[in-house]
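Participant: Structural data only, the sequence is not supplied:
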């Protein structure tokens, strides 16, 4: 059922790809700019800030200042100090490299850099009426989704509260999702931030402002997180799992920035304000209790969530929904086993027997997230939820690292790197395959009828194959060719191999700049009829010529 009204807007340009930061200057659509680089001490120490600087070499963007004193929970003084550094350097672009605290610091510092004054002058919502300086965000965690939201939360330590900022112009202009930038996350942060993203997606799907657009983002994020979070925590160098998590976090961020969050975040905000618990870990621990609190109000939607989590549907939607909550609890317990999550609020950092429980409850009841929660939650319900989360047993659920590794290897079976040892082998295999198509009764005539002159330029290893179908028969030239092709396609040799196996999409590759095309590319549509039979022939050609090792499983 459609809501009476909804809107959907994502002004942030999002690019995804492992290793993108190495070519950052090529990605950013800005001219000459003076950049303030915002990060934290850890990110700076392990070299990720330097990696960003290196990626900007050769571009017109100059990093004129760096602020790297952002704490795990950004506070008022942090934002004002960051803004002062940017203003002194006359920066007119901000690049945030880090997790949620770094990104929120950059967002709010941007207000002060552009509008002046102190942080207190800008507290509220929708007070910024004009664009700020361009903000580029490179997340190093996979959980906050801050790279695509118009929200920032800053700690007010004097009053033990979190100050929310909600401005359309806080939304970053450009987000770079690079799995390599998240590889340094230890298991504890991987688990906490991943469950934070899962919380965003689940609360977005059941929130009162949900829409078809946010629903689609939320459910896909839930699917991706449930299938990759354990793998990412167990094997930090698995870029496939890391990439899935950073992409899912972004989708969840888009979803909740449109439909907002609810009771789980209300608890996490109050726990963060009073006890300074890490936001992601507080969300992770409170998530199943928040789902239980909202279950009856959104039963059908929780059943959808269960299926997205991988639960097999049952005849009873009620049972399916309960199984979804059980699956979330199991994920949490498996992360505990992997040393990637605290089992309860006590182990997360509450060491005073929850002496300030009343204060936590009071702040949770009044938290702004409750405006969007699908049902009312009484102070007594909050109290019971928080006490259960504080006292719940600290038992883990074992998870087999071998089974996770096997699952990852199965996914990666669709990838082959360094398929060809040198140019001679590339020419022998790919060049030989292209030549063999000439005699095929269906493909040969189709190529000849195309009347095209097309050249394939391969890299790693390097080779060129030119196909001339303009005459009475098809001619092939291996290596340099004096003829000027109508179409020239440049690509990695590994990508070409994967393409002919039917495992890569040309349009996607052009978009991602894996393939570069020059000339009358639209004419290449004449060759589309040959692709399907060619995909079937390539594995056969490899077998017949003793190259079985190159066939993907």
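Facilitator: On my side now, so go ahead. Predicted, not measured: the structure shown is a model, and the values here were computed from it.
Participant: per-residue confidence averaged over the one helix or strand residue 299 maps to?
Facilitator: Following DSSP states H and E, one finds residue 299 within helix 299-308. The pLDDT scores in helix 299-308 average 97.
Participant: hang on, residue 476 is in a strand, isn't it?
Facilitator: Yes - according to DSSP: H, G, I helix; E, B strand; the rest coil, residue 476 belongs to a strand.
Participant: Buried residues, the helix holding residue 299. List them.
Facilitator: Under the neighbour-count criterion of 16 or more other Cβ atoms under 10 Å, helix 299-308 has 301, 302, 303, 304, 305, 306, 307, 308 buried. Backbone N, C-alpha and C define where each C-beta goes, glycine included.
Participant: Distance to residue 292 for those residues - can I get that in JSON lines?
Facilitator: Formatted as JSON lines, those follow (distance: Cβ to Cβ, whole Å):
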{"residue": "301", "distance to residue 292": "14"}
{"residue": "302", "distance to residue 292": "10"}
{"residue": "303", "distance to residue 292": "14"}
{"residue": "304", "distance to residue 292": "17"}
{"residue": "305", "distance to residue 292": "13"}
{"residue": "306", "distance to residue 292": "13"}
{"residue": "307", "distance to residue 292": "18"}
{"residue": "308", "distance to residue 292": "18"}
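Participant: Quickly name whichever of those residues is closest to residue 32.
Facilitator: residue 308 (45.4 Å; Cβ to Cβ).
Participant: Next SSE downstream of the helix holding residue 299?
Facilitator: helix 317-337.
Participant: tell me what that following helix is packed against?
Facilitator: helix 187-206, helix 212-234, helix 279-294, helix 299-308 (3 or more Cβ pairs under 8 Å, 6 or more residues apart in numbering; DSSP states H and E).
Participant: still on that earlier bit, distance between the helix holding residue 299 and the chain's centre?
Facilitator: Averaging C-alpha positions (Cα atoms, centre = their mean, to the nearest Å) puts helix 299-308 23 Å from its chain's average.
Participant: One more: stretch 162-181?
Facilitator: On Cα atoms, centre = their mean, the centre of stretch 162-181 falls 12 Å from the chain's centre.
Participant: end to end, how far does it reach?
Facilitator: 28 Å (Cα to Cα, to the nearest Å).
Participant: now do stretch 360-376
Facilitator: 17 Å.
Participant: residues in contact with that stretch?
Facilitator: 161, 164, 206-209, 259-263, 265-267, 269-271, 273-275, 293-294, 296-298, 354, 377, 379, 382-383, 386 (Cβ atoms under 8 Å, 6 or more residues apart in numbering).
Participant: So residue 346 sits against residue 390, correct?
Facilitator: Yes - because the distance of 5.5 Å satisfies Cβ atoms under 8 Å, residue 346 is recorded as touching residue 390.
Participant: which residues do the two both contact?
Facilitator: residue 354.
Participant: you'd agree residue 455 is in a helix?
Facilitator: No - assessed with three-state DSSP, residue 455 is strand; it does not lie in a helix.
Participant: is it in a bridge, and if so with what?
Facilitator: Residue 455 has the following beta-bridge partners by DSSP bridges: residue 466, residue 488.
Participant: Please produce a markdown table containing the helices and strands packed on helix 317-337, extended by distance to residue 467.
Facilitator: Shown next, in a markdown table, are these (distance: least, Cβ to Cβ, whole Å):
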| stretch | distance to residue 467 |
| --- | --- |
| helix 187-206 | 47 |
| helix 212-234 | 40 |
| helix 279-294 | 53 |
| helix 299-308 | 46 |
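Participant: Go through those and pick out the most buried.
Facilitator: helix 187-206 (a mean of 28; mean count of other Cβ atoms under 10 Å).
Participant: Going by contacts, tell me the helices and strands next to the helix holding residue 299.
Facilitator: Counting by 3+ Cβ pairs under 8 Å, 6+ apart, the packing neighbours recorded for helix 299-308 are helix 187-206, helix 212-234, helix 317-337.
Participant: angle of the first one against helix 212-234?
Facilitator: Using axes from the mean of the first three to the mean of the last three Cα atoms, to 10 degrees, one finds that helix 187-206 and helix 212-234 are set 160 degrees apart in direction.
Participant: before we move on, the earlier item: and the helices and strands packed on helix 317-337: which comes nearest residue 253?
Facilitator: Closest among the helices and strands packed on helix 317-337, using Cβ to Cβ: helix 187-206, at 6.4 Å.
Participant: same for that closest one, what does it pack against?
Facilitator: Counting by 3+ Cβ pairs under 8 Å, 6+ apart, the packing neighbours recorded for helix 187-206 are helix 212-234, helix 239-259, helix 263-275, helix 279-294, helix 299-308, helix 317-337.
Participant: Just send those back as a markdown table, with distance to residue 468 too.
Facilitator: Output for the helices and strands packed on helix 187-206, formatted as a markdown table (distance: least, Cβ to Cβ, whole Å):
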| stretch | distance to residue 468 |
| --- | --- |
| helix 212-234 | 45 |
| helix 239-259 | 40 |
| helix 263-275 | 63 |
| helix 279-294 | 59 |
| helix 299-308 | 51 |
| helix 317-337 | 57 |
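Participant: wait, which of those helices is closest to residue 25?
Facilitator: helix 239-259 (20.9 Å).
Participant: hmm, which helix or strand of the chain has the shakiest average pLDDT?
Facilitator: None of the helices or strands of the chain scores lower by mean pLDDT, DSSP states H and E than helix 401-411, at a mean of 66.
Participant: which regions of the stretch 451-553 of the chain sit below the pLDDT cut-off?
Facilitator: For the stretch 451-553 of the chain, the stretches flagged by pLDDT under 70 are 511-513, 524-526, 529, 552-553.
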